[in-house]
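Novice: Below: sequence and its predicted model.
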Amino acid sequence: MLSIENLSFKKKLVVLLVMPLLVILFFSSTAIYNKVNTKTEMNKIDQLVILSSHISSLVHELQKERGATAVFIRASAYKLAAKFAILVSLCEFYNDIKFDRCFFFT
């Protein structure tokens, strides 16, 4: 069996230096791998942030359109309500003159 005592000084020095270098190489490669993964995830997050910004702008525009549509519908409802009030008053007038039914709603 190979014993440390039988090795030359040069080989003992190489063994003492190789082991820590292998450990340092292992931990540094692990750290580099983790940093690369972190950078990849950050790039994905950056793209998602940009996407969410565009979606937010779209939602804002849709909300403005919804508000404009509500205003339009409400304004149209007021116009229709005014026309309906005129029709109702005409019907009441004709009912006062003894018409049996109002012909506007047939």
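Specialist: Structure's in. What do you need?

Novice: which residue is nearest the centroid of the chain?
Specialist: The centre of the chain sits closest to residue 52, judged by C-alpha atoms, centre = their mean, with a distance of 4.2 Å.

Novice: Just the element for that one, please.
Specialist: Residue 52 belongs to helix 9-96 when assigned by DSSP states H and E.

Novice: how distant is that helix from the center of its chain?
Specialist: With C-alpha atoms, centre = their mean, to the nearest Å as the basis, helix 9-96 stands 2 Å off its chain's centre.

Novice: quick one: average confidence on that helix?
Specialist: The average pLDDT within helix 9-96 is 86.

Novice: State the phi and psi torsions of residue 7.
Specialist: Dihedral pair for residue 7: phi -80, psi 150, per degrees, to the nearest 10.

Novice: roughly how far apart are it and residue 39?
Specialist: Distance, residue 7 to residue 39, using C-beta to C-beta, to the nearest Å: 44 Å. Quick note: C-beta positions are derived from backbone N, CA and C, even for glycine.

Novice: ok, now residue 67?
Specialist: Taking C-beta to C-beta, one finds residue 67 at 42 Å from residue 39.

Novice: next one: residue 13
Specialist: Residue 13 is 39 Å from residue 39, by C-beta to C-beta.

Novice: just to revisit the earlier point, more neighbours: which of residue 7 and residue 39?
Specialist: residue 7 (13 against 10; other C-beta atoms under 10 Å).

Novice: doesn't residue 14 make contact with that one?
Specialist: No - taking C-beta atoms under 8 Å as the definition, residue 7 is not a contact partner of residue 14, at 9.0 Å.
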